[in-house]
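>>> Task: produce atomic coordinates for the following.
(chains A and B)
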Protein chains: 2
Amino acid sequence: MKSSLTRDIALGLDLGGTLLKCGVVTRSGKLLRTRTQPSLSSESSAVILKNLLHLIEEETLWARQKGYRVLGVGLGVPGILSMQKGIVHRSPHFPSWIDYPIRTHLEKKLKLPFALENDAKIATLGEGWLGAGRSRKNYLMLTLGTGVGGGMMLDGKIWKGDSGFAGEVGHVVIEKAGRPCNCGGKGCLEMYASGTAIAYDIRDLIQRRRIPSAWRKIRKDVENLTPRDLSDLAQAKDVTALKIFESFGKALGAGLASLVNILDTEWIILGGGLLGAWDFFISSTHSSIKNHLYPTTAKKLKIKKALLGNKAGMIGAARALMLKFS
Amino acid sequence: MKSSLTRDIALGLDLGGTLLKCGVVTRSGKLLRTRTQPSLSSESSAVILKNLLHLIEEETLWARQKGYRVLGVGLGVPGILSMQKGIVHRSPHFPSWIDYPIRTHLEKKLKLPFALENDAKIATLGEGWLGAGRSRKNYLMLTLGTGVGGGMMLDGKIWKGDSGFAGEVGHVVIEKAGRPCNCGGKGCLEMYASGTAIAYDIRDLIQRRRIPSAWRKIRKDVENLTPRDLSDLAQAKDVTALKIFESFGKALGAGLASLVNILDTEWIILGGGLLGAWDFFISSTHSSIKNHLYPTTAKKLKIKKALLGNKAGMIGAARALMLKFS
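Okay, here's the model as predicted:
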């Protein structure tokens, strides 16, 4: 039998709009086992909770049968949360959760320590532990997906702010009278550099009757073209698709420049589904940053790809729990 | 004789483009004595240094004669500095200082501990010690003057970033293809909410031949109207002046919203010369913030006036030095 420390594991759960992922993670960061199932996001809160509990119980059982000690459960959820109180105030993908005290519900049944974190923050923790942020005390992470999420590692800790809402980098204003955003604001970064932004661009082209004919060959209902489709088009040197990613990259650069001017972090990690379009936006991101920063600052800046892919959430959620023991 | 702690003082020097101020400050924050003289900013670096040294020596002598123990000297300088190395890389008001090792020069002569800080950061420290940030662990401070400076108190410490350049909040991008800024970028907050922004607005009105006749009564050379003049005009209900401050306030709100979305600090302190126009811009700042933030976040946000006025620099510089002893 190994020493007790090496037999300690945490369950890291990443609850997304579509999938619920669970990883069994050791203290040294080994992902022993993963399970993925539908997250049932459109169901009632009771059904979602039952689904979560069932998976946790099964994985706890598995771990104990293998002789592991289960330290607890870390859970990443998209949306606006109070981490310390364990409440999900609003989550775009879980409409039935409004001011939902998820921790109370889980702890009552589980009798295990529990950590709740925003999805972008667990990804930030995961990348810092085992990915692109390893050995960096300060870095920013942006997840480019349907929206733009973020996390900031400052002096070795995730910065949470007064109410735990820090890191809403998708809502950095880059065009003060620009596109209306779901948050109620205008000109947020998220409206220029995300899946939502690309959908906006496509709708705009439809309205202006500027959809290239090649696009209709991929999908007749062009309004449903995905960022992935657009990335394929860009790969095939489609000029309009390339232009969309160029302005995406430029906007991202303006947002990153603001972040760097505020925080002076030399290391930025980009993750999320839009990473697949990296080659089509990153050079305009770099040139836009260069236009917006002092040369000395721009020269030091490194933009890195996230390394853990869709495992960052599970690993980071487990890490969030383990940090309670360190 | 009082206990030794109460006999400890630090010299706090605030070196501005026009004036050099020196305060003798006790550990408990009492400003015992202040002196103000020209900063000789356009002179050679040797002359500026001599001027500084002379004042420090006189004040040190005064303090010692009164029985105080001089802990050291804190100095606030505008521009881009390496605080730890004690080097002023560039300072807009001191063209003769380029990568200037001010600490080495001062320490050689003084044989006293020395702390160098950016001017906006010493103001932030000062307000946190004795002013509008007292007893707050987290707050942002923006100084609205010729430019927009900033400091961020995070978890009780001024956040400096990887190279000490953090807090360049004047260069948060609020209009990605907007007005060209001195930094080389475009659409920086500083170009919409500062003395420089107001000068830009006035030039714009001159070019469009839209200067109200009332303005020429104040100054024939309208291009030299100061923010103070404009504030007087606004006070007299001049519509154009009021509009300028309204858009100033709106832009400021967009920048503050970005900062709050990133950092989630509920407390913002505004200082600097433009504070005199507070009544003319603050309501549009509030409504702009409301448009850009989630309602729950907007509701918690407090925007406060700086309390220490032009003493913040001296007090904060002394504080910067004292923090080396705590």
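>>> in the helix or strand hosting residue A:72, what counts as buried?
Using DSSP states H and E, residue A:72 falls within strand A:69-77. If you call a residue buried by 16 or more other CB atoms under 10 Å in any protein chain shown, then strand A:69-77 has these buried ones: A:70-77. From N, CA and C alone the C-beta is placed, and that goes for glycine too.
>>> Where does the prediction get shaky in the stretch 201-326 of chain A?
Nowhere does the stretch 201-326 of chain A drop to pLDDT under 70.
>>> Which residues of it lie near chain B?
Where the stretch 201-326 of chain A comes near chain B, counting by CB under 8 Å from any CB of the partner chain, the residues are A:250-251, A:254-255, A:257-259, A:261-267, A:288, A:291-297, A:300.
>>> what about 7 Å?
Within reach of chain B by CB under 7 Å from any CB of the partner chain, the stretch 201-326 of chain A has these residues: A:251, A:254, A:257-259, A:261-266, A:291-294, A:297, A:300.
>>> ok, which stretches of chain A are helices?
According to DSSP state H, chain A carries its helices in the segments A:45-65, A:102-110, A:119-130, A:195-207, A:213-218, A:227-235, A:239-263, A:278-292, A:295-300, A:312-322.
>>> Could you dump those into TSV with mean neighbour count and distance to residue B:198 added?
Shown next, in TSV, are the helices of chain A (neighbours: other CB atoms under 10 Å in any protein chain shown; distance: least, CB to CB, whole Å):
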stretch	mean neighbour count	distance to residue B:198
helix A:45-65	16	52
helix A:102-110	17	50
helix A:119-130	28	38
helix A:195-207	18	33
helix A:213-218	12	47
helix A:227-235	19	42
helix A:239-263	24	22
helix A:278-292	20	22
helix A:295-300	15	27
helix A:312-322	30	46
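>>> so which of those gets nearest residue B:138?
Residue B:138 sits nearest to helix A:239-263 of all these, at 14.0 Å, using CB to CB.
>>> what's the closest one packed up against?
Using 3 or more CB pairs under 7 Å, 6 or more residues apart in numbering or on different chains; DSSP states H and E, the elements in contact with helix A:239-263 are helix A:195-207, helix A:227-235, helix A:278-292, helix B:239-263.
>>> can you state the direction angle for the shortest one and helix A:195-207?
Here helix A:227-235 points in a direction 70 degrees away from that of helix A:195-207 (axes from the mean of the first three to the mean of the last three CA atoms, to 10 degrees).
>>> cool, and the third one?
Orientation of helix A:278-292 against helix A:195-207 (the same axes, to 10 degrees) gives an angle of 100 degrees.
>>> sorry, back to before: now the buried residues of strand A:69-77 as a markdown table including pLDDT and distance to residue A:229?
A markdown table is the format used below for those (pLDDT from 0 to 100; distance: CB to CB, whole Å):
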| residue | pLDDT | distance to residue A:229 |
| --- | --- | --- |
| A:70 | 97 | 42 |
| A:71 | 97 | 42 |
| A:72 | 97 | 41 |
| A:73 | 97 | 37 |
| A:74 | 97 | 34 |
| A:75 | 97 | 32 |
| A:76 | 96 | 28 |
| A:77 | 94 | 29 |
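>>> what's the closest of those to residue A:12?
The closest of these, once distances to residue A:12 are taken by CB to CB, is residue A:74, at 5.1 Å.
>>> hang on, the earlier thing: to residue B:167, which of the helices and strands packed on helix A:239-263 lies closest?
Closest among those, using CB to CB: helix B:239-263, at 10.2 Å.
>>> Any idea which residue is closest to the centre of chain A?
Taking CA atoms, centre = their mean, the centroid of chain A lies closest to residue A:120, which sits 3.6 Å from it.
>>> if we can go back for a sec, any idea which of the helices of chain A gets closest to residue B:315?
With CB to CB as the measure, helix A:239-263 is the member of these nearest residue B:315 (24.6 Å).
>>> and of the helices and strands packed on helix A:239-263, who's closest to residue A:97?
Of all the helices and strands packed on helix A:239-263, helix A:195-207 sits nearest to residue A:97, with 20.9 Å by CB to CB.
>>> ok and that closest one relative to helix A:239-263, angle-wise?
The directions of helix A:195-207 and helix A:239-263 differ by 140 degrees, with the same axes, to 10 degrees as the criterion.
>>> Output helix A:195-207 as PDB, restricted to C-alpha atoms.
What follows is helix A:195-207, C-alpha atoms only, in PDB (Å, rounded to 0.1, in the frame of the first residue of the first chain):
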ATOM      1  CA  GLY A 195     -19.100  32.200 -30.900                       C
ATOM      2  CA  THR A 196     -21.900  34.700 -30.200                       C
ATOM      3  CA  ALA A 197     -19.800  37.400 -32.100                       C
ATOM      4  CA  ILE A 198     -19.400  35.100 -35.100                       C
ATOM      5  CA  ALA A 199     -23.200  34.400 -35.100                       C
ATOM      6  CA  TYR A 200     -23.700  38.200 -35.000                       C
ATOM      7  CA  ASP A 201     -21.300  38.600 -38.000                       C
ATOM      8  CA  ILE A 202     -23.200  35.900 -39.900                       C
ATOM      9  CA  ARG A 203     -26.600  37.500 -39.200                       C
ATOM     10  CA  ASP A 204     -25.100  40.800 -40.300                       C
ATOM     11  CA  LEU A 205     -24.000  39.300 -43.600                       C
ATOM     12  CA  ILE A 206     -27.400  37.800 -44.200                       C
ATOM     13  CA  GLN A 207     -29.100  41.100 -43.600                       C
END
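>>> and that helix, how far out from the chain's middle?
22 Å (CA atoms, centre = their mean, to the nearest Å).
>>> Kindly report the same for stretch A:51-69.
Chain-centre distance of stretch A:51-69: 26 Å, with CA atoms, centre = their mean.
>>> got the CA coordinates for that stretch in PDB?
Extracted C-alpha coordinates of stretch A:51-69, given in PDB (Å, rounded to 0.1, in the frame of the first residue of the first chain):
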ATOM      1  CA  ASN A  51     -28.100  13.300 -11.900                       C
ATOM      2  CA  LEU A  52     -25.100  15.000 -10.200                       C
ATOM      3  CA  LEU A  53     -25.500  13.100  -7.000                       C
ATOM      4  CA  HIS A  54     -25.800   9.800  -8.700                       C
ATOM      5  CA  LEU A  55     -22.600  10.300 -10.600                       C
ATOM      6  CA  ILE A  56     -20.700  11.500  -7.500                       C
ATOM      7  CA  GLU A  57     -21.900   8.500  -5.500                       C
ATOM      8  CA  GLU A  58     -20.900   6.000  -8.200                       C
ATOM      9  CA  GLU A  59     -17.400   7.500  -8.500                       C
ATOM     10  CA  THR A  60     -16.900   7.800  -4.800                       C
ATOM     11  CA  LEU A  61     -17.800   4.100  -4.500                       C
ATOM     12  CA  TRP A  62     -15.400   3.200  -7.300                       C
ATOM     13  CA  ALA A  63     -12.600   5.200  -5.700                       C
ATOM     14  CA  ARG A  64     -13.100   3.700  -2.200                       C
ATOM     15  CA  GLN A  65     -13.300   0.200  -3.600                       C
ATOM     16  CA  LYS A  66      -9.900   0.800  -5.200                       C
ATOM     17  CA  GLY A  67      -8.600   1.900  -1.800                       C
ATOM     18  CA  TYR A  68      -8.500   5.600  -2.400                       C
ATOM     19  CA  ARG A  69      -9.500   8.200   0.200                       C
END
